[in-house]
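Asker: Show me how the following folds:
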Amino acid sequence: MPSNSSDIALLFHRYRLLINWRLFFLFLYSPLGILLILLRLSLAFQLFLFSCFVPKQCPIKRRLFKLTYNVLGISVSAKGKENRDSKAKILVSNHVSVMDHCALESVLASYEVENLDSNSTFTWFWRCKKFGNNSIKVEDILDGIREYCNRPGFFPPPLLFFPEGHTTNGSYGLLSFSQEAFQVDQPVQPIVVRAERPFFSVAISLLDSWWLTDLLWALFVPITFYHFETLEIMYPVSGETPQDFAKRTQTAMAKALGICATDYTAKDKETLQKGGGENRTSSDSFDSELVHQVKEVLPHVPTEAIQRDLARTHSVDLTISNFLEGTIEFIPERNYSKLPPPEEEKNHTPHSSKRKKLPSPSLSPSNSGGGVSFSKSAQDRHLSFQERKKAFLEDARRKYIEKRSIQLETPA
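Answerer: Next comes the predicted model:
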């Protein structure tokens, strides 16, 4: 579980692209990507017209959708179909992109329930289901959903809810679930979705991106993979509140995804989007501080690689250990090969002949703050911060060179 305000920033991407060698190939691909946008928009419009006249539960429609989506750059895979229960009229899914419902439609026909805050044009385009006869009262909407689910002799497509209310990056945690789907006295069928773009590392959604921008990027890249997994149906327990039912479902879905179930809400994301408040400032300074600590020890490791591993470990010590042990692959920065070896640095340090040999500092994984612990002896306390820092660098480089057998170039 998150323990401080900075953790919420880990749920979202801030930048669409990472600064790495793949940008060169993305630049070369750009003309083809723009052409794909134009062709795919035309195909998407024809697909929408076709969907308006064909029932949702038609098997031919789903097969055609899956084939067409591959042309649109959406590859869909599904597992856990044996868990699908027709008794469940309510589906709940995590939310990673504006294309989630579109991708799910190719494997399971459903109606997305229109949100009161949804854009009317967008919900019309996706043919979302609206309840409550244009009423803005939540109870009227819930009554409409109950009537839809309990209609005798009627087997309609299930209703799809995204209880998080906003998209996340899907790699750290789930936002707290809203309670609408859990207030209609119906069992729910959880469906978890994972999405990835393997070629250019283009983020699927951002903290403050517009849905149309996300859609255009989806049409621009060669392909986006969506992986759906249907979990076992979940029933409300006698005496359980809708809030507890929602939390239990959120926890089960987070476990299936291998991430955490947070208490942050959609409103917390909206606060973060505005750029004001303490959360964003705290997050930026917190992340920068951790990256800076790792960068001081391992200057040859790209900043983007450090950020990705910190988002997973949340510990400076563990991240440094991962790089030193070679468990994470990366391309060293260009200026790394120009760094002098530890012996060369020591010989060029002023007054080096008067210094005593420094004890090798060690990482302390038990340190929850991600700091570094040094010897507390009287001999070391008189050393300056810069001297201890150099000792840490020498020790880290020595371990890294021994592990990866890297030969550094000695400056002429």
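
Asker: all contacts plus neighbour counts: C-alpha atoms, from now on.
Answerer: Will do.

Asker: Can you pull the poorly scored residue ranges out of the stretch 301-412 of the chain?
Answerer: 333-390, 392-393, 399-412 (pLDDT under 70).

Asker: just the stretch 1-150 of the chain next, same as before
Answerer: Under the criterion pLDDT under 70, the flagged ranges of the stretch 1-150 of the chain are 1-6, 56-57, 115-128, 132-136.

Asker: Sketch out the helices for it, chain order is fine.
Answerer: 22-53, 59-71, 100-105, 120-125, 138-150 (DSSP state H, counting those that start in this stretch).

Asker: for the stretch 201-350 of the chain, same thing?
Answerer: All helices of the stretch 201-350 of the chain, identified by DSSP H, counting those that start in this stretch, fall at 211-220, 242-257, 266-273, 277-297, 303-313, 316-324, 342-347.

Asker: Can I get the ones you listed in CSV including distance to residue 165 and mean neighbour count?
Answerer: Compiled in CSV, those are given as follows (distance: least, C-alpha to C-alpha, whole Å; neighbours: other C-alpha atoms under 10 Å):
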stretch, distance to residue 165, mean neighbour count
helix 211-220, 14, 18
helix 242-257, 13, 19
helix 266-273, 6, 16
helix 277-297, 20, 16
helix 303-313, 23, 17
helix 316-324, 32, 21
helix 342-347, 52, 13
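
Asker: of all those helices, which lies closest to residue 147?
Answerer: Across the helices of the stretch 201-350 of the chain, residue 147 has its closest neighbour in helix 242-257 (18.4 Å, C-alpha to C-alpha).

Asker: Which one, of the helices of the stretch 201-350 of the chain, ends up nearest to residue 190?
Answerer: That would be helix 242-257 among the helices of the stretch 201-350 of the chain, by C-alpha to C-alpha, at 6.9 Å.

Asker: Mind checking the pLDDT average for the closest one?
Answerer: The average pLDDT within helix 242-257 is 95.

Asker: so what secondary structure elements neighbour that helix?
Answerer: strand 173-174, strand 188-196, strand 260-261 (3 or more C-alpha pairs under 8 Å, 6 or more residues apart in numbering; DSSP states H and E).

Asker: Who are the contact partners of residue 249?
Answerer: Taking C-alpha atoms under 8 Å, 6 or more residues apart in numbering, we find residue 249 in contact with 190, 234.

Asker: correction: residue 46
Answerer: So residue 46 contacts nothing (C-alpha under 8 Å, 6+ apart).

Asker: Could you say which of the helices of the stretch 1-150 of the chain is packed most deeply?
Answerer: Each of these was scored by mean neighbour count; the highest is helix 100-105, a mean of 20, by mean count of other C-alpha atoms under 10 Å.

Asker: Show residues contacting that helix.
Answerer: 62, 65, 69, 74, 76, 112, 126, 193, 226, 228.

Asker: Throw the helices of the stretch 201-350 of the chain into TSV and include distance to residue 9, thanks.
Answerer: Output for the helices of the stretch 201-350 of the chain, formatted as TSV (distance: least, C-alpha to C-alpha, whole Å):
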stretch	distance to residue 9
helix 211-220	19
helix 242-257	18
helix 266-273	8
helix 277-297	6
helix 303-313	10
helix 316-324	17
helix 342-347	37
